[in-house]
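**Student:** Predicted coordinates and the sequence they were generated for:
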Amino acid sequence: MTLKLYGIPNCDTVKKARAWLTANGHSYEFHDFKKLPVNEAQLRDWQQQIGWEKIFKKTGRSWNELSPDTKSSLIDAESALILMQQNCNFIKRPVLEKIGKILVTGFKEIDYQLLNL
């Protein structure tokens, strides 16, 4: 199995990605952030591949509940890494990988179609 999907099972976007992969006959391994956090090395690799701005999720309740000081302290990959390690809700989801390379974050059907999996 070469595809790996990272996310949280009850996230609607993750549910859509999983349903699309299954409906289109793609087998994948699912990595549940809540049960098995993404380690620092993995997060650093992702940041190196596509930049911290595309991995860090600045929407939703977790972001809205942050203090203005904490939000303003998010200035680079290191500050993003700290927040993502403290709370996996700050990792954009899902993350779809193939043999360790990020193919796409989030879910838009057209993006998945264009991947030619």
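**Tutor:** Right, received. Where do you want to start?
**Student:** show me what contacts residue 8?
**Tutor:** 14, 32-34, 88-89, 93 (Cβ atoms under 8 Å, 6 or more residues apart in numbering). Backbone N, C-alpha and C define where each C-beta goes, glycine included.
**Student:** mind listing which of these are in strands?
**Tutor:** Residues from those lying in strands, with DSSP state E as the criterion: residue 32.
**Student:** Apply the buried test to the contacts of residue 8 and list what passes.
**Tutor:** Buried subset of those (neighbour count, 16 or more other Cβ atoms under 10 Å): 14, 33, 88-89, 93.
**Student:** just these now: which is nearest residue 64?
**Tutor:** Lowest distance from residue 64 to the buried ones among the contacts of residue 8 (Cβ to Cβ) belongs to residue 89, with 10.9 Å.
**Student:** Which residue comes closest to that closest one once chain neighbours are left out?
**Tutor:** Counting by Cβ to Cβ, 6 or more residues apart in numbering, the nearest residue to residue 89 once its immediate chain neighbours are dropped is residue 62, at 3.9 Å.
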